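**Student:** coordinates only, sequence not included:
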């Protein structure tokens, strides 16, 4: 008899309105989290140049499973990163094609055939004693006229 009385008291405890409000609060938080996942998926898909509406609907319908599917199938990088990388590659190709290097002392851009840095006056190359073409400082022979230096 004592167990039955204890059981009814526990049931009365869970019939209090605070438990109903707590359940409504938990449901509200889950719905807000679900909608936040939908918004995040839409925004991320738009930044990655995929079908944002499609993926947002998938996450809206399939909930967390849709989010996991999107995370597996989404493109690996943002469009801005792709554009930035291609611009950086193009800039480096331009620098390599234009025979431009950096001065070892001041770090400014100088042309490859410069004998002297025009900014800090650091000697970059020496001239051949016969043909006067620019040579690296450590070369012993001129590759143009075969003169010993």
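**Tutor:** Structure's in. What do you need? Quick caveat, the model's predicted, so the values are computed rather than measured.
**Student:** Give the other helices and strands that whichever helix or strand residue 59 is part of contacts.
**Tutor:** Assessed by DSSP states H and E, residue 59 sits inside helix 52-73. Counting contacts by 3 or more Cβ pairs under 8 Å, 6 or more residues apart in numbering; DSSP states H and E, helix 52-73 packs against helix 17-47. (C-beta placed from N, C-alpha, C; glycine too.)
**Student:** what angle separates the helix it packs on from helix 52-73?
**Tutor:** Here the directions of helix 17-47 and helix 52-73 differ by 90 degrees (axes from the mean of the first three to the mean of the last three Cα atoms, to 10 degrees).
**Student:** Name the helix or strand for the most centrally placed residue in the chain, please.
**Tutor:** In the chain, the residue lying closest to the centroid (Cα atoms, centre = their mean) is residue 81, at 5.9 Å. Using DSSP H and E, residue 81 maps to helix 79-97.
**Student:** what about that helix, average pLDDT?
**Tutor:** Average pLDDT, helix 79-97: 88.
**Student:** residues near the residue nearest to residue 140 when sequence neighbours are not counted, how many?
**Tutor:** Nearest non-adjacent residue to residue 140, counting by Cβ to Cβ, 6 or more residues apart in numbering: residue 149, 5.7 Å away. Residues lying near residue 149 (other Cβ atoms under 10 Å) number 12.
**Student:** Which pLDDT value does the model give residue 149?
**Tutor:** 83.
**Student:** and the residue nearest to residue 48 when sequence neighbours are not counted, how far is that from residue 147?
**Tutor:** Spatial nearest neighbour of residue 48, chain neighbours left out: residue 75 (4.6 Å); criterion: Cβ to Cβ, 6+ apart. Per Cβ to Cβ, to the nearest Å, residue 75 is found 59 Å from residue 147.
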